[in-house]
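Visitor: the following comprises the amino acid sequence and a computationally predicted model.
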Amino acid sequence: MTRVAVLKGGRSLERQVSLKSGARVQDALERLGHDVIGIDVGHDLVERLRATAPEVAFVALHGRDGEDGTVQELLEALAIPYTGSGVSSCIRCADKVIAKHHMRDAGIPTPDFFAFNETAFKELGAADALPAIEERLDFPIVVKPASQGSALGIKFAAAAKDVPGALVAAFSYGDKVLLERHVRGRELAVSLLDGEVLPIVEALPREEDFYDFESRYEIGRTEFVCPAELPDEITARAQELATAVWDVLGCSGFARVDLMLCEQTGELTVLEANPIPGMTETSLLPMAADAAGIGFDALIGRIVLLAHL
Ligand SMILES: Nc1ncnc2c1ncn2[C@@H]1O[C@H](COP(=O)(O)OP(=O)(O)O)[C@@H](O)[C@H]1O
Ligand SMILES: [Mg+2]
């Protein structure tokens, strides 16, 4: 029996998702016979960690603070072993621009992009460069905040007139945004547990034109196929790319890599890596683990065993 603190909730926009992930994780840990303490992360986090002195912290947070290395840094400071990736890896994964630069430098295909801080528009006239960017990326252009998850703040600009509005929307989520080449095709996710790939999940949103917030968390809005029905060589390539991303970004414990399979070229490109993927009823990593014969409780048990400092 281990004394495990489940860190959940927090102040990020994905608070509700995290509360769901956290509740499921807590239930699983209790079934496994651990001594479980649930902590809704807020101002008293350090105080509560000191008071409860857990042997392990299970970080079930998504988005700001929880997934970007902040909470991990605090756990390091308090010398409490924690689940998932370390500080530097979280920093690399949580910022899509940093992650994409690492991938591009390592030769891992990721859609072309240009990224700017708000100051580039306010002080350097970046808006005047938009026509050149639009020509390079072609329409539709995907505009997204660098540090968000669950598809929040993502817009597809169909024409030049849509770009400024999409930028304003993305900047409302953070001070760095990227304009990215749109990939039309199939949406794949490769989950990894301790660096080993799990079966691929394909997400097929039923109505929405992409895998948005609603299609992620409302049961029945998306059809999931796992293992994804793909030619063997595409499966192998997707798993090889996901492993390369795991290595380049320095992940540990578990992670999920999101990819697109381009309908036109048949090429795979990596959109991002999630250091703390969702653990909800509709989440992809638990689905992938299940397809590999690893039930939810066993998955959570493994993740706790992989906790580190
Ligand atoms: N370049 C792109 N081309 C096509 N669809 C995209 C692209 N980027 C994002 N999307 C859509 O938006 C969703 C979320 O994008 P992603 O980069 O994975 O961010 P996050 O999941 O962190 O919000 C994807 O699952 C996909 O449906
Ligand atoms: Mg994603």
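Guide: Arrived safely. Ligands and ions are numbered 1, 2, ... in the order given.
Visitor: for ligand 1, what are the nearby residues on the protein?
Guide: Within reach of ligand 1 by C-beta under 6 Å from any ligand atom, the chain has these residues: 111, 142, 148-151, 154, 180-183, 187, 210-211, 258, 260, 271-272. From N, CA and C alone the C-beta is placed, and that goes for glycine too.
Visitor: 5 Å instead, please
Guide: By C-beta under 5 Å from any ligand atom, the residues of the chain that approach ligand 1 are 111, 142, 149, 151, 154, 180, 182-183, 210-211, 258, 271-272.
Visitor: can you put these in a markdown table and add secondary structure and distance to residue 40?
Guide: Formatted as a markdown table, the residues of the chain next to ligand 1 follow (DSSP: H, G, I helix; E, B strand; the rest coil; distance: C-beta to C-beta, whole Å):
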| residue | secondary structure | distance to residue 40 |
| --- | --- | --- |
| 111 | coil | 36 |
| 142 | strand | 33 |
| 149 | coil | 19 |
| 151 | coil | 24 |
| 154 | coil | 27 |
| 180 | strand | 34 |
| 182 | coil | 38 |
| 183 | coil | 37 |
| 210 | coil | 31 |
| 211 | coil | 28 |
| 258 | strand | 28 |
| 271 | strand | 30 |
| 272 | strand | 27 |
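Visitor: could I get those residues as JSON lines with pLDDT and neighbour count?
Guide: Shown next, in JSON lines, are those (pLDDT from 0 to 100; neighbours: other C-beta atoms under 10 Å):
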{"residue": "111", "pLDDT": "98", "neighbour count": "17"}
{"residue": "142", "pLDDT": "96", "neighbour count": "21"}
{"residue": "149", "pLDDT": "74", "neighbour count": "24"}
{"residue": "151", "pLDDT": "81", "neighbour count": "16"}
{"residue": "154", "pLDDT": "92", "neighbour count": "20"}
{"residue": "180", "pLDDT": "97", "neighbour count": "22"}
{"residue": "182", "pLDDT": "96", "neighbour count": "17"}
{"residue": "183", "pLDDT": "96", "neighbour count": "21"}
{"residue": "210", "pLDDT": "69", "neighbour count": "13"}
{"residue": "211", "pLDDT": "71", "neighbour count": "19"}
{"residue": "258", "pLDDT": "97", "neighbour count": "19"}
{"residue": "271", "pLDDT": "97", "neighbour count": "22"}
{"residue": "272", "pLDDT": "96", "neighbour count": "20"}
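Visitor: which one of those residues sits closest to residue 84?
Guide: Minimum separation from residue 84 among the residues of the chain next to ligand 1 (C-beta to C-beta) is found for residue 149, which lies at 14.2 Å.
Visitor: quick check: that closest one touching residue 66?
Guide: No - between residue 149 and residue 66 there is no contact under C-beta atoms under 8 Å: 10.1 Å.
Visitor: which residues do these two both contact?
Guide: Counting by C-beta atoms under 8 Å, 6 or more residues apart in numbering, no residue touches both residue 149 and residue 66.
Visitor: got the contact list for residue 45?
Guide: Contacts of residue 45 were listed using C-beta under 8 Å, 6+ apart, and they are 7, 39, 71, 74.
Visitor: okay, and the beta partners of the spatially most central residue of the chain?
Guide: For the chain, the residue nearest the mean C-alpha position is residue 274 (2.6 Å; C-alpha atoms, centre = their mean). For residue 274, the beta-bridge partners are residue 256 (DSSP bridges).
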